[in-house]
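1. here is the input, now give the coordinates:
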Amino acid sequence: MQLHTLKPKHIRFAKNTRVGRGGKRGTTSGRGTKGQRSRTGHRIRPAIRELIQRLPKLRGYQNKPHQLASAVVSVGRLAKLSATTINRTTLIDAGLIRTTALRVKIVSDGEIKRAIQLQGIPASEAAKKKIEAAGGKIS
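-> Predicted structure coming up:
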């Protein structure tokens with residue numbers, strides 16, 4: 001064994017094949033004939049770059065805060081509940097909203113004829129009028 005015959009156990013970097021260095025009698029030097037890839041300085045851009053360039057340039061602050069969607073419960077569905085005081089837990093127990101719903105709002109779809117009391121749940125103006133007309137209370 002001599003020093004000039006030693007080789008590393010693992011090659012760190014694979015050598016890239018160098019294309020277009022000479023050739024016999026002025027031929028294409030391994031690049032093929034014609035086309036973008038045979039030219040010097042050719043650059044094939046990624047497809048995503050083309051898509052980005054086609055998009056219009058948007059100006060201004062784009063990261064607007066997203067408002068959380070409210071779980072909506074109608075007045076007509078509240079009328080079918082047997083409870084007189086309605087809060088978030090009674091709506092969850094009745095299956096009208098999910099436990100993951102962060103917001104709840106009462107809207108005025110349907111009719112109500114008995115008095116109920118809303119606790120800690122916002123309602124639309126029309127829903128408030130219907131509930132109060134039936135003798136209910138909103139707190």
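
2. quick one, grab the pLDDT at Lys64.
-> At Lys64 the predicted local distance difference test score is 69.

3. check which helices and strands the helix or strand hosting Asp93 sits against.
-> Using DSSP states H and E, Asp93 sits within helix 88-94. If contacts are counted by 3 or more C-beta pairs under 8 Å, 6 or more residues apart in numbering; DSSP states H and E, helix 88-94 sits against no helix or strand. (Each C-beta comes from the backbone N, C-alpha and C, glycine too.)

4. how about the helices in this protein?
-> In chain order, the chain shows helices spanning 47-54, 75-79, 88-94, 125-133, with DSSP state H as the criterion.

5. hey, least reliable of those helices by pLDDT?
-> Note on the helices of the chain: helix 47-54 shows the lowest mean pLDDT, a mean of 82.

6. my read: Thr85 touches Ala115, true?
-> No - between Thr85 and Ala115 there is no contact, the gap being 10.5 Å when judged by C-beta atoms under 8 Å.

7. show me the strands in the chain, by range?
-> Assigned strands in the chain, in chain order: 71-74, 85-86, 104-107, 117-118, 137-138 (criterion: DSSP state E).

8. pipe these into CSV and attach distance to Ile97 and mean neighbour count per row.
-> CSV is the format used below for the strands of the chain (distance: least, C-beta to C-beta, whole Å; neighbours: other C-beta atoms under 10 Å):
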stretch, distance to Ile97, mean neighbour count
strand 71-74, 4, 18
strand 85-86, 11, 16
strand 104-107, 6, 18
strand 117-118, 14, 17
strand 137-138, 18, 14
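
9. in a markdown table: these, plus distance to Gln36 and mean pLDDT.
-> Conversion of the strands of the chain to a markdown table gives the following (distance: least, C-beta to C-beta, whole Å; pLDDT from 0 to 100):
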| stretch | distance to Gln36 | mean pLDDT |
| --- | --- | --- |
| strand 71-74 | 56 | 93 |
| strand 85-86 | 70 | 93 |
| strand 104-107 | 59 | 93 |
| strand 117-118 | 69 | 92 |
| strand 137-138 | 71 | 92 |
